[in-house]
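Peer 1: Quick one: sequence plus predicted model below, questions after.
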Amino acid sequence: EAGVVQSPRYKIIEKKQPVAFWCNPISGHNTLYWYLQNLGQGPELLIRYENEEAVDDSQLPKDRFSAERLKGVDSTLKIQPAELGDSAVYLCASSLDFRDRFTDTQYFGPGTRLTVL
Amino acid sequence: DAKTTQPTSMDCAEGRAANLPCNHSTISGNEYVYWYRQIHSQGPQYIIHGLKNNETNEMASLIITEDRKSSTLILPHATLRDTAVYYCTGLNTGNQFYFGTGTSLTVIP
């Protein structure tokens, strides 16, 4: 069974440029997460989708970050414009159903490493 | 807010058991404890989870204290491929998984 797929794996851009990350979750997983991971830190949640609905975006910097999950499957995370401080790894994860959150295991993709120059 | 506390780093000799502790004193009664690990340049990998009873799978064992305020992940025979950062996680009051900074485990040949 394929795991969570993310692309690109690496992205280098100049500040003020836009950038987008793509995620394909495990088939049948209703819940999709985007996390930010800074160097030496654990992942921090940016947004959680249940099917196509964003049910927790409290940590998403909405002035420059946006996300969508069309048809409740693939998702894209966009930054426009990117700032130097956005350099980090962006992780996508999926799980069967967050409504069973106490036992709902998340499976992570390999992440996209963003470098903003 | 639920938080976990782990040692920053640990070493373990290859072939020996690695015991990784985690304090989660603010955990709620129905909240599971999850363990993940992250090998360099990869996403976190699920290891095991538990509520109150000890759990074992093909990767590891999880020992949770009776008061549920702490747990220990046991890798019974550590190999060099077990070198990674290990995260003990749980849900905070905002229903978000809290990963913390984890324990960097180095398995020494």
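Peer 2: Arrived safely, thanks for sending.

Peer 1: and B:A13, what does it touch?
Peer 2: Contacts were defined as C-beta atoms under 8 Å, 6 or more residues apart in numbering or on different chains; by that measure B:A13 touches B:78, B:107-108. Every residue, glycine included, has its C-beta placed from N, CA and C.

Peer 1: rerun at 10 Å
Peer 2: In this structure, B:A13 makes contact with B:78, B:107-109, judged by C-beta atoms under 10 Å, 6 or more residues apart in numbering or on different chains.

Peer 1: next one: B:Y46
Peer 2: A:93, A:95, A:105-108, B:34-37, B:57, B:59.

Peer 1: what about 7 Å?
Peer 2: A:105-107, B:36 (C-beta atoms under 7 Å, 6 or more residues apart in numbering or on different chains).

Peer 1: ok, back up a step: Throw together a PyMOL command that grabs the buried residues out of the contacts of B:A13.
Peer 2: Here is the PyMOL command that selects only those of those that count as buried (16 or more other C-beta atoms under 10 Å in any protein chain shown):
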select buried, chain B and resi 78+107
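
Peer 1: wait, B:P109 sits on B:G15?
Peer 2: No: proximity of B:P109 to B:G15 does not meet the contact threshold set by C-beta atoms under 7 Å, at 9.6 Å.

Peer 1: and A:L70, how many neighbours?
Peer 2: Summarising burial for A:L70: neighbours were counted as other C-beta atoms under 10 Å in any protein chain shown, giving 9.

Peer 1: mind listing what it touches?
Peer 2: Applying C-beta under 7 Å, 6+ apart to A:L70 gives the contacts A:E52.

Peer 1: gap between it and chain B?
Peer 2: A:L70 sits 23 Å away from chain B, going by C-beta to the nearest C-beta, to the nearest Å.

Peer 1: And for A:V89?
Peer 2: Counting by C-beta to the nearest C-beta, the gap from A:V89 to chain B is 9 Å.

Peer 1: Go ahead and confirm that residue touches A:R113.
Peer 2: Yes: counting by C-beta under 7 Å, a contact exists between A:V89 and A:R113, whose distance comes to 5.1 Å.

Peer 1: what about these two, which has more around it?
Peer 2: For the pair A:V89 and A:R113, the greater number of neighbours falls to A:V89 (20 against 16), based on other C-beta under 10 Å.

Peer 1: sec struct for the residue nearest the centre of chain A, please.
Peer 2: Central residue check for chain A by C-alpha atoms, centre = their mean: the C-alpha nearest the mean position is that of A:W34, 2.6 Å away. Look at A:W34: counting by DSSP: H, G, I helix; E, B strand; the rest coil, its state is strand.

Peer 1: which one is it nearest to, not counting chain neighbours?
Peer 2: A:L46 (4.5 Å; C-beta to C-beta, 6 or more residues apart in numbering or on different chains).

Peer 1: thinking again about what came up before, does the residue nearest to the centre of chain A have beta-bridge partners, and which?
Peer 2: Partner residues in beta bridges with A:W34, using DSSP bridges, are A:I47, A:C92.

Peer 1: same thing with B:S71?
Peer 2: In beta-bridge terms (that is, DSSP bridges), B:S71 pairs with B:C22, B:I64.

Peer 1: Just checking the distance from the helix or strand bottoming out on mean pLDDT in chain B to the centre of its chain.
Peer 2: Of all helical and strand segments in chain B, the minimum by mean pLDDT, DSSP states H and E falls on strand B:97-98, at a mean of 82. The chain centroid and the centroid of strand B:97-98 are separated by 13 Å under C-alpha atoms, centre = their mean, to the nearest Å.
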